[in-house]
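*Asks:* predicted model and sequence follow; I will ask about them next.
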Amino acid sequence: MFGSSKKYLHGAVLIWFVSPAVNASEWQFNGFISQGYATAEDSQFVVGKSGDTANITEASITSSWKINDNYRMAGALNFRQWGELAEADVDFDYLFAEYTRNVNSSLYGARLGRFKNEFGFYSSTRDVPFTRPSIMLPQSIYADYFRDTQLHIDGIDLFGSHALNSGVIHWHTSYGQITVTDDLLRNVNGSVDSGEYDSQEFYALDIDYQMDNARLGVSYYRAGVDFSPIAPALYSEGDIVQHTWVFSGQYRYEMFELTTEYLTSDRAINQIIYPELLGEVESRSSGFYADIRAYLPYQLEAFVRYDQHYDDIDDKNGANLELTTGDPRYYAYTYDWTVGLRWFPDSNWMVAAEYHDVKGASWVTPLLVRDPTSQAKRWSLFALQLSYRF
Amino acid sequence: MRFLTIGMLVLCLFCARTLAAQVIVHDSVLQFPTPLPELRLIFSKQKTFWPDGQPIAVFILAPDSDLHQEFCIKQLDILPYILQRRWDRLVYSGTGERPVILDSEEEMRERVNSTPGAIGYISESIALAGGNYVWEQ
C-alpha cells in the first residue's frame, strides 16, 4: 500500500512527530532503545559463523495524536537489527488513522493504514523488549523466520471492546497485505539473490478477554506469499500459503504468572522447491509453550519456559524428512528449555539475560537450505540485553 | 503478595515521606464505585469507559515517584512494573495511550477536578485538606 510513496511518508510523518503545532495535552510520545548480545554453541542461529553477535539493536519512537474524542492518529518508527535474522533497517512499524465510537460502554472502531497484527499475546509488541516476555520469543509461536507475516498489515482493521463481567473483551478483524522484506528471503531461501516474495491478501481475526488476573485469547490469520525466482534452475515460481490458529491463556496468582500458547498451522507450498507434478505440498505444523515466571521484590523477574515445535505433525521424529531430503531428523522438531532473569533498576531501564538449552532445529534458519555441519542436534544460546525507554 | 506487601510496609517504615494514597475522581463519576479488580483494569488502561459511556481519563504521577509506587502496591495491590507493562502493550502496539503522567499532586488535583471522567490519586494528607472528590471504595 505504501510502496513508492514510502520516502514521502517518512518525511511527512517525521514532521508530524516533531510538530509543535499539535496540542500537547492530546499528544503522547514514547520510545525505547535497546542493545543486546548473543552467543551460541553448536549453531549459527542468530549469531552466524563467528559464534556471537552484538548486532542486536532495537529502537523505536512512537506517537499518538488524539485529534478529538473520535479521531486519532498513531505512528511508530523502528530501527532494528537482529544478528543473522534481520539486517539493520528503519521502517514504520505502524502508521494509521483511527476512528472510534462509543456505544453503551462498548467501543467500536476502524483503523486505516499500517497497523500491528494482533496475533497471540505478543506479536503486536514483539519488537519491544519491555513488553515481550524474553529476549527471544518462543519460536514455536513467534518464529523469527516468518516474522514478516506476524508483524504488521497494510489495510483496514475493524475492532471493538466490551465490558464483560469484571473484564474487557477486545476483538479485531483485519484485511490487507503484509510487508515482505529481504529478511524473509534470507531466512527461508538462504540468499536474497534467489528471487522475490510478494504478499498475497492477508486476513486475520483476534479475540482477547482481559480480566484482572487472567487473560484468554484466540487468533487466526491467513497469509500467503508468491515467489518469483531469479535463478529458475534452483527454484521455480510458486507460493506459500498459511492458515494459522493460536490459542492463548495466562493466569496470575499473587507473584506467579503462568502463560501458555498453542499454535496449529496448515501450510501449502506450491512449487518453489518442489516439482510441479507434486502440486500443492500440504503439511500441518504445531507449537506449544508453557512459561512460569515469578515477579520478585526489587523489580526482579525470573522465568522458566518449555517450548516445543513440530514442523510436520505427521513426521514428528523426522524419519520422512530424512528419507525425502537427506537432512538429519532433528530438523523436524525443536524442544527449547529457557531460563531467564529480567531486572528493572527503575521504570526506564531493563537488564535481561536468558539461556536456551535446545534439542532440534525445526525453526533454525535458513529453512530451505540446511547445513548440518554447522547445526548440531543439541545446541544452546545465551543472550543479554540492556534496554532504556522514555 | 502478602509477603511482598509486608516487605514493602517494612520499607515504608524507613521512608518518612511516604503517605497513604487516596483515589480521587471528577464529580461526574462519583456514582460509580468500582471494585479493586476493575480499578486495576482502569489504571492499566484496559478499561477505558465508565458504565454511562463517559471516557475514563487516567492521571498518574511519575512511575518512579514514591506515591505512585505506594499507590500501586498498597491501593491496587499490583507491582508498578506489571501495571506499566499492561499499558506499554497498548502504547507500543499503537492501539492505546498510557495514563497521563503529571508532575505534582497539586497538578493532579487540578486536572482531576477539571477533567470530566477523570480518575487519579493524591496522598491522604492532601486529600484530607479538602477540595477533592475522594472516592469511597
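*Replies:* Okay, I see it. Numbering: from 1, shown residues only, chains lettered A, B, ... in the order given.

*Asks:* where in the stretch 151-300 of chain A is pLDDT low?
*Replies:* A:232-233 (pLDDT under 70).

*Asks:* return the residues of it in contact with chain B.
*Replies:* For the stretch 151-300 of chain A, the contact set with chain B under CB under 8 Å from any CB of the partner chain comprises A:159, A:161, A:163, A:166-168, A:210-213, A:254-255, A:295, A:297, A:299. For every residue, glycine as well, the C-beta is placed using N, CA and C.

*Asks:* near chain A at all, the one helix or strand B:V91 maps to?
*Replies:* Using DSSP states H and E, B:V91 maps to helix B:80-93. Yes. Applying CB under 8 Å from any CB, one finds helix B:80-93 touching chain A at B:80-82, B:84-85, B:88-89, B:91-93.

*Asks:* which residues of chain B lie near chain A?
*Replies:* Counting by CB under 8 Å from any CB, the residues of chain B near chain A are B:1-4, B:7-8, B:35-38, B:40-41, B:46-53, B:55, B:62-64, B:79-82, B:84-85, B:88-89, B:91-95, B:97-98, B:100.

*Asks:* out of those residues, which are buried?
*Replies:* B:1, B:4, B:8, B:37-38, B:40-41, B:46-50, B:55, B:63, B:79-82, B:84-85, B:88-89, B:91-95, B:97-98, B:100 (16 or more other CB atoms under 10 Å in any protein chain shown).

*Asks:* so where do the strands sit in chain B?
*Replies:* B:21-25, B:57-61, B:100-102, B:118-123 (DSSP state E).

*Asks:* what angle do the last one and strand B:21-25 make?
*Replies:* If you take axes from the mean of the first three to the mean of the last three CA atoms, to 10 degrees, strand B:118-123 sits at 150 degrees to strand B:21-25.

*Asks:* give the rounded mean pLDDT of strand B:118-123.
*Replies:* Strand B:118-123 carries an average pLDDT of 92.

*Asks:* from the chain's centroid, how far away is that strand?
*Replies:* 6 Å (CA atoms, centre = their mean, to the nearest Å).

*Asks:* give me the sheet partners of it and which way each runs.
*Replies:* The strands beside strand B:118-123 in its sheet (DSSP bridges) come out as strand B:21-25 (antiparallel), strand B:57-61 (parallel).

*Asks:* mean pLDDT for the ones you listed: which is lowest?
*Replies:* Among these, strand B:21-25 scores lowest, at a mean of 88.

*Asks:* buried residues in that strand?
*Replies:* Buried residues in strand B:21-25 (16+ other CB under 10 Å): B:21-25.

*Asks:* kindly report the same for stretch A:218-225.
*Replies:* A:218-219, A:221-225.

*Asks:* with stretch A:220-240 instead?
*Replies:* A:221-227, A:229, A:235-236, A:238-240.

*Asks:* A:L263: which of those residues is nearest?
*Replies:* Set against A:L263, the nearest of the buried residues of stretch A:220-240 by CB to CB is A:Y221 (10.9 Å).

*Asks:* beta partners for the residue nearest to that closest one when sequence neighbours are not counted?
*Replies:* Leaving aside its chain neighbours, A:Y221 sits nearest to A:A204 (3.9 Å; criterion: CB to CB, 6 or more residues apart in numbering or on different chains). Applying DSSP bridges to A:A204 gives these bridge partners: A:S174, A:Y221.

*Asks:* got a list of what A:A204 touches?
*Replies:* A:A204 sits next to A:117-119, A:153, A:172-175, A:219-222 when contact means CB atoms under 8 Å, 6 or more residues apart in numbering or on different chains.

*Asks:* show me what the helix holding B:V91 is packed against.
*Replies:* Helix B:80-93 sits against strand A:27-41, strand A:52-66, with contacts defined as 3 or more CB pairs under 8 Å, 6 or more residues apart in numbering or on different chains; DSSP states H and E.

*Asks:* where are the low-confidence patches of chain B?
*Replies:* B:1-19, B:33, B:125-137.

*Asks:* at 50 what do you get?
*Replies:* B:1-18, B:137 (pLDDT under 50).

*Asks:* tell me how far the residue nearest to A:S283 when sequence neighbours are not counted lies from chain B.
*Replies:* Spatial nearest neighbour of A:S283, excluding adjacent residues (CB to CB, 6+ apart): A:D312 at 4.4 Å. Distance from A:D312 to chain B, counting by CB to the nearest CB, to the nearest Å: 32 Å.

*Asks:* tell me the contacts of A:D312?
*Replies:* So A:D312 contacts A:283-285, A:320-321, A:332 (CB under 8 Å, 6+ apart).

*Asks:* inside helices: which ones of those?
*Replies:* With helices taken from DSSP state H, the overlap with those comprises A:320-321.

*Asks:* which of the contacts of A:D312 are buried?
*Replies:* A:285, A:321, A:332.

*Asks:* tell me the confidence at the second one?
*Replies:* So that's A:L321. For A:L321, pLDDT reads 90.

*Asks:* relative to chain B, how far out is it?
*Replies:* In terms of CB to the nearest CB, A:L321 sits 36 Å off from chain B.

*Asks:* gap between that residue and A:Y335?
*Replies:* From A:L321 across to A:Y335, the span is 16 Å (CB to CB, to the nearest Å).

*Asks:* quick revisit: list just the nearest of the residues of helix B:80-93 next to chain A to A:F344.
*Replies:* Using CB to CB, the residues of helix B:80-93 next to chain A come closest to A:F344 at B:Y81, 5.1 Å.

*Asks:* look up phi and psi at the residue lying closest to the closest one once chain neighbours are set aside.
*Replies:* Distance criterion CB to CB, 6+ apart; nearest residue to B:Y81, sequence neighbours excluded, is A:F344 at 5.1 Å. Backbone torsions for A:F344, taken as degrees, to the nearest 10, come to phi -110, psi 90.

*Asks:* check A:L296 too.
*Replies:* phi -100, psi 160.

*Asks:* residues contacting the closest residue in space to it that isn't next to it in sequence?
*Replies:* Closest residue to A:L296 apart from its sequence neighbours, by CB to CB, 6+ apart: A:A302 at 6.4 Å. By CB under 8 Å, 6+ apart, the contact list for A:A302 reads A:293-294, A:296, A:339-342.

*Asks:* those in strands, which ones?
*Replies:* A:293-294, A:296, A:339-342.

*Asks:* what is the nearest of the contacts of A:D312 to A:Q139?
*Replies:* A:S285 (11.6 Å).

*Asks:* quick check: that closest one vs chain B, distance?
*Replies:* 26 Å.

*Asks:* how about the contacts made by that residue?
*Replies:* A:263-265, A:267, A:309-313, A:362 are the contacts of A:S285 under CB under 8 Å, 6+ apart.

*Asks:* let's see 7 Å
*Replies:* A:265, A:267, A:310-313 (CB atoms under 7 Å, 6 or more residues apart in numbering or on different chains).

*Asks:* over to A:I33?
*Replies:* A:59, A:388.

*Asks:* helices of the stretch 1-150 of chain A, start to end?
*Replies:* With DSSP state H, counting those that start in this stretch as the criterion, the stretch 1-150 of chain A has helices at A:6-18, A:147-151.

*Asks:* mean pLDDT lowest where, among those helices?
*Replies:* Among the helices of the stretch 1-150 of chain A, helix A:6-18 carries the lowest mean pLDDT (a mean of 50).

*Asks:* bridged to A:Y262, which residues?
*Replies:* A:F247, A:F288.
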